[in-house]
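Q: no sequence for this one, just the structure:
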Ligand code: X5A
Ligand code: ZN
C-alpha cells in the first residue's frame, strides 16, 4: 500500500536574492522558503514527511520545456557582473537574475522531478516541493514573473516521457496566470491545465488577452486549457470552492488524470500583497483534499508564489498536513460566491461546453464577448475593493485573519461495529456490539422502532452505532463503520439520537430506495440527502433533498457519470455550505452504486466535519466492507476511469434540485443573476 508524503526542500534555494532596487521584484525573498519550512517543523509536519533530497536538473530535462538558446543564455549568468546581470534581466518582465539563480533554478526543477519520481515509483503517495525560483511564468525562451525555468511544465513532460503517464492534470491555484504552462501545453490534449487568476478585465499583470476564459486550447488541445479570470479582488473561500465544484472537479473526473501536479502558489490567500484576495489559509486544506481523490491520490504540489510570509507559511502547513492525511478543518464562512465570481464561472462553463460532457447542459454565457471587452463595473461593488495602483506599494495595508486552530487528530482513526461472524477489518478498532446499553436508551430505541419488530441483538447493534456517534463527537475516533441488520432503521435511529443530543448539525447521505423516517427535527439540525433510483414526491424543505438517478445495468459507466454529477454538482456544494459536525453516510443493498464510485463518495465526504464520517452498510453487503474501510482509513481511492456523458435524465434530475435549492444554498449557483 502506497503511503507517505514526501517533502523536498534544500536551503541552497534560499541563496539568491534581488541585488538592486526593483519595486516589482522586492517581494520575492529567500525568507519565503525559510519561514515555510520552519512552520512545517514547528507544527511537527516536516518530521512526519519522507525527506527526499533535491538534485540538479540535467540539460536534457530543462530542454523538455525550453529552447537551447535560452538555456545557453541563462548558463552564462553565474559569470556575469552586477551590471551585466541587470542588462540581461531587462529583456524579460518582472524577474531578476543573480549569480546563483541558475544553480537554484536547476535545483528547483530537480526537486520537482525528485517529487514526481517518488510519487510515480510508489515510494510515497504524494508530496510537496518547496522551491525557489518559481516556474509557471517562464516560457520556452524567456524568464518572467520571478520564474527562470518552468518546474511544473518540465515535470509534466518528464512524467509522460519517463513514467508512462498518459494524462496529467495541472491545477494552478496561484493568483497569477501561469501563462508559461499554458503555452507549453496549448495544443496537447494529454495535459489539462487549469488556472484561476486575478485578471480585472486584463488590467492585472501579466495583462494578457490569452488569460481570459475563452482561451480554451488549440487544435487537438482545444478544451484542455481552462482559465478562470477573477475580475475583482477580495475573492473568498466560497468563490474558490464554487469553481472547484462547478468547473474543475467535474472536468477533472471526466478527464481522469494519472497524475495531478499543483502549481501551488499561495499569493491567492488572504493578506498577500499581490493577490489581494480574501480566501483563508485553511481553504488550501480543502482544495488539496478534493484533489487527492483523483489519480489514485498521486498528487505533487510545487511551490510557486506567496508573498505574505505569515499567510504563506500557514497555507503551506494546511496543504502538507492534508497531504499527510489529517482531517481538514471545518471550512469557515461559506456564504456563497459573489456576483463577479459567478459571472466568471458562467463564462468558463459556457466556453467549455463544447468539449466536456459534464458541461453539455451548461447555461449560455451572460454576454457574448469575453470579459475584456465589457465596460468595467463600478469599483467597490460586491466584496471587491478599489485599489490605487500608484500608492499601493507605499501603504502596505494590514489585513488580519484568524489563524486556523491546530487540527484535531483523534487517537483512533476508524472504529467498526461488526457482527461476530464477520472477520475483523485490518486497521479498524473493533467496537464490541455487546456493550450493555443503558435501559432508558434501549427503551427509547424500542419506542422509536415499535413498528419494526427488532430483536435484542439488533437493538444492541443500533446502540453501538450510537456509541460510534458519541465517540466521534468526543473526538475519540475520527470515523466509524457499522454493519447493521437494516440500514433505514439504523439511520432513523441515529438521526433520532442526533436530534435529541443538541450539539451538532448532522448531514445524512443515503444511497438507496427505501423511505427513511427522518423525524421532523428542528429545521436545520439535519440535512438529509438521498440518492435513489426511484422517483419521489414533490420536495419542499431545503433540508430534505432527494435526487433520483436512472436505473441502468450495474457498473454501466454512464451511471457512474450520472452519480458523480450528482455528487460534485449537488451533494458537495450542499454539504460544504451546511457545514455539518457529523456526516452519516449509508447505502442499502442493491443501491446500484459500484464500489469505485462509492469509495469516491466516502473519500470526498471526509473533507467535512473534520473527517467525522459514520458509514452504515447492511448485513449482506460484506463485499463493500473492505473498500469502505480502506477509504475511511485514508487509503488512496482508485480512479473511476474516464467518464462519459451522464444520462440526460440524471442531469435533469440534478438540475431540478439545483434550481429548487439555489436560493437557499448559494454554493449551488452557477450563473450570475444580473447582466450589466
Ligand atoms: C510566481 C509568481 C508573480 C510575479 C508578479 C510580477 N510570480 N508582478 O507569483
Ligand atoms: Zn503568483
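A: Everything's here; your move. The structure displayed is predicted, hence computed values, not measured ones. Ligands and ions are numbered 1, 2, ... in the order given.

Q: what residues of the lengthiest helix in the chain count as buried?
A: Ranked by residue count and defined by DSSP state H, the top helix of the chain is helix 101-120. For helix 101-120, a neighbour-count test (16 or more other C-beta atoms under 10 Å) marks 101-120 as buried. Yep, even glycine has a C-beta here, placed from its N, CA and C like the rest.

Q: what pLDDT, on average, does whichever helix or strand comes after it get?
A: As assigned by DSSP states H and E, the chain's next helix or strand after helix 101-120 is strand 126-129. Mean pLDDT, computed over strand 126-129, is 98.

Q: on contacts alone, who are the packing partners of strand 126-129?
A: Contacts defined by 3 or more C-beta pairs under 8 Å, 6 or more residues apart in numbering; DSSP states H and E place strand 126-129 against strand 5-8, helix 101-120, strand 299-303, helix 309-323.

Q: 10 Å - rerun?
A: On a contact count with 3 or more C-beta pairs under 10 Å, 6 or more residues apart in numbering; DSSP states H and E, strand 126-129 meets strand 5-8, helix 101-120, helix 151-163, strand 259-264, helix 283-292, strand 299-303, helix 309-323.

Q: output these in TSV; the columns should cover mean pLDDT and distance to ligand 1.
A: Listed next are those as TSV, based on pLDDT from 0 to 100; distance: least, C-beta to the nearest ligand atom, whole Å:
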stretch	mean pLDDT	distance to ligand 1
strand 5-8	98	18
helix 101-120	98	11
helix 151-163	98	10
strand 259-264	99	8
helix 283-292	98	15
strand 299-303	99	9
helix 309-323	98	11
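
Q: burial count for residue 129?
A: By the measure other C-beta atoms under 10 Å, the count of residues near residue 129 is 30.

Q: doesn't residue 53 make contact with it?
A: No - taking contacts as C-beta atoms under 10 Å, residue 129 lies outside contact range of residue 53: 11.4 Å.

Q: overlap in contacts, the two.
A: In terms of C-beta atoms under 10 Å, 6 or more residues apart in numbering, residue 129 and residue 53 are both contacted by the residues 8, 9, 10, 110, 111, 114.

Q: give the contact list for the fourth one.
A: Looking back up the chat, that one is residue 110. Applying C-beta under 10 Å, 6+ apart, the residues contacting residue 110 are 8, 10, 53, 54, 55, 56, 57, 58, 61, 129, 131, 151.

Q: same deal with the first one?
A: For residue 8, the set of contacting residues under the criterion of C-beta under 10 Å, 6+ apart consists of 49-55, 107-108, 110-115, 118, 127-131, 300, 302-303.

Q: who does it bridge with?
A: Residue 8 forms beta bridges with residue 129, as assigned by DSSP bridges.

Q: which bits of the stretch 51-200 of the chain sit near ligand 1?
A: 94, 134, 137, 145, 146, 147, 174, 176 (C-beta under 6 Å from any ligand atom).

Q: now do the SS call for the third one.
A: Reduced to three states with DSSP: H, G, I helix; E, B strand; the rest coil, the structure at residue 137 is coil.

Q: isn't it up against residue 206?
A: Yes - Residue 137 lies in contact with residue 206 (C-beta under 10 Å); the separation is 7.2 Å.

Q: of the two, who's got more company?
A: Neighbours were counted for residue 137 and for residue 206 using other C-beta under 10 Å; residue 137 has more, 29 against 17.

Q: not counting sequence-adjacent ones, nearest residue to the more buried one?
A: Nearest residue to residue 137, sequence neighbours excluded (C-beta to C-beta, 6 or more residues apart in numbering): residue 145, at 3.2 Å.

Q: gap between the one you found and residue 225?
A: For residue 145, the distance to residue 225 equals 18 Å [C-beta to C-beta, to the nearest Å].

Q: cool, residue 65 as well?
A: Distance, residue 65 to residue 225, by C-beta to C-beta: 16 Å.

Q: where do the strands sit along the stretch 301-450 of the chain?
A: Taking DSSP state E, counting those that start in this stretch as the criterion, the stretch 301-450 of the chain carries its strands at 412-417, 429-430.

Q: meant to ask about the stretch 451-600 of the chain
A: Along the stretch 451-600 of the chain, counting by DSSP E, counting those that start in this stretch, strands occupy 477-484, 506-511, 526-532, 544-548, 582-587.

Q: JSON lines for the ones you listed, including distance to residue 75 and mean neighbour count?
A: As requested, the strands of the stretch 451-600 of the chain are exported to JSON lines (distance: least, C-beta to C-beta, whole Å; neighbours: other C-beta atoms under 10 Å):
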{"stretch": "strand 477-484", "distance to residue 75": "51", "mean neighbour count": "27"}
{"stretch": "strand 506-511", "distance to residue 75": "57", "mean neighbour count": "25"}
{"stretch": "strand 526-532", "distance to residue 75": "58", "mean neighbour count": "23"}
{"stretch": "strand 544-548", "distance to residue 75": "59", "mean neighbour count": "20"}
{"stretch": "strand 582-587", "distance to residue 75": "55", "mean neighbour count": "25"}
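
Q: residues contacting the residue in the stretch 451-600 of the chain that ligand 2 sits nearest to?
A: The minimum distance from the stretch 451-600 of the chain to ligand 2, using C-beta to the ion, falls at residue 576 (25.6 Å). Residue 576 sits next to 237-238, 241-242, 244-245, 286, 290, 330-331, 334, 507, 607-608, 665, 667 when contact means C-beta under 10 Å, 6+ apart.

Q: selection in ChimeraX covering whichever of those residues are buried, please.
A: Restricted to buried positions by 16+ other C-beta under 10 Å, the ChimeraX selection for the contacts of residue 576 reads:
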select :237,238,241,242,244,245,286,290,330,331,334,507,607,608,665,667
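
Q: out of the contacts of residue 576, list just those in helices.
A: If you go by DSSP H, these have 237, 238, 241, 242, 286, 290 in helices.

Q: what's the residue in the chain that ligand 2 sits nearest to in contact with, if anything?
A: At 2.7 Å from ligand 2, residue 305 is the closest residue in the chain, using C-beta to the ion. Listed by C-beta under 10 Å, 6+ apart, the contact set of residue 305 reads 27-28, 32, 134, 136-137, 145-147, 174-176, 178, 263-268, 272, 274-275, 312.

Q: now, which of these lie close to ligand 2?
A: 174, 176, 265, 267 (C-beta under 5 Å from the ion).

Q: between the residues you listed, which is closest to residue 69?
A: Among the ones next to ligand 2 among the contacts of residue 305, residue 176 lies closest to residue 69 (C-beta to C-beta), at 25.5 Å.

Q: what about the closest one, how many residues nearby?
A: With neighbours defined by other C-beta under 10 Å, the count for residue 176 comes to 30.

Q: between the two ends of stretch 52-72, how far is it?
A: 29 Å (C-alpha to C-alpha, to the nearest Å).

Q: okay then, goodbye and thanks.
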